[in-house]
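Asker: Here is a sequence together with a model predicted from it:
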Amino acid sequence: MFDPRFPITTLFFQPPRTTLPFTTSLSTVLTLLGSHDGDISVVRVDNVSMQYAESLFGAAKTLCSDSDLRAKFISRNSLVGWRQECLHGVWEAALLKAGLLVKWKITLKKN
């Protein structure tokens, strides 16, 4: 089911992303965020992987099955690009569901 609280930045006309996050741990990110002379502090860290996976599945399903959206995507990109985008959304969602990827929501506060 599509969840509008999670913007789908991986689908719909976005350039390829870097693989750098695969080599970065949550603890490293939290350490880096906390090392800015106390300007910001971490308020909360939530694992939103399952919710994001469901949102990705929904967005991929919409992109793959909505004929108007499909036509617009293909006209702006290509048929091959549309197929890749559909596969990418489902693939990433499956990796999240399997626990091979994790999506974290980090809430910060400016001090």
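Answerer: On my side now, so go ahead.
Asker: Can I get stretch 74-93 as CSV, trimmed to CA atoms?
Answerer: Taking Å, rounded to 0.1, in the frame of the first residue of the first chain, the C-alpha atoms of stretch 74-93 are listed here in CSV:
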residue,chain,number,x,y,z
ILE,A,74,8.1,6.2,-21.3
SER,A,75,7.8,9.4,-23.3
ARG,A,76,10.2,11.3,-20.9
ASN,A,77,12.6,8.4,-20.7
SER,A,78,12.2,5.2,-22.7
LEU,A,79,10.6,1.8,-22.6
VAL,A,80,13.9,0.3,-21.3
GLY,A,81,14.0,3.1,-18.6
TRP,A,82,10.4,2.3,-17.5
ARG,A,83,11.2,-1.4,-17.2
GLN,A,84,14.4,-0.6,-15.2
GLU,A,85,12.5,1.8,-12.9
CYS,A,86,9.7,-0.8,-12.2
LEU,A,87,12.3,-3.5,-11.5
HIS,A,88,14.4,-1.1,-9.3
GLY,A,89,11.4,-0.2,-7.1
VAL,A,90,10.4,-3.8,-6.5
TRP,A,91,14.0,-4.9,-6.1
GLU,A,92,14.8,-2.2,-3.4
ALA,A,93,11.5,-3.0,-1.6
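Asker: buried stuff in it?
Answerer: For stretch 74-93, the neighbour count (16 or more other CB atoms under 10 Å) marks 82, 85-86, 88-90, 92-93 as buried. Quick note: C-beta positions are derived from backbone N, CA and C, even for glycine.
Asker: and which of these is nearest to residue 30?
Answerer: Taking CB to CB as the measure, residue 30 lies nearest residue 92 of these, at 23.1 Å.
Asker: Is residue 109 in contact with residue 43, as I believe?
Answerer: Yes - counting by CB atoms under 8 Å, residue 43 is a contact partner of residue 109 at 4.8 Å.
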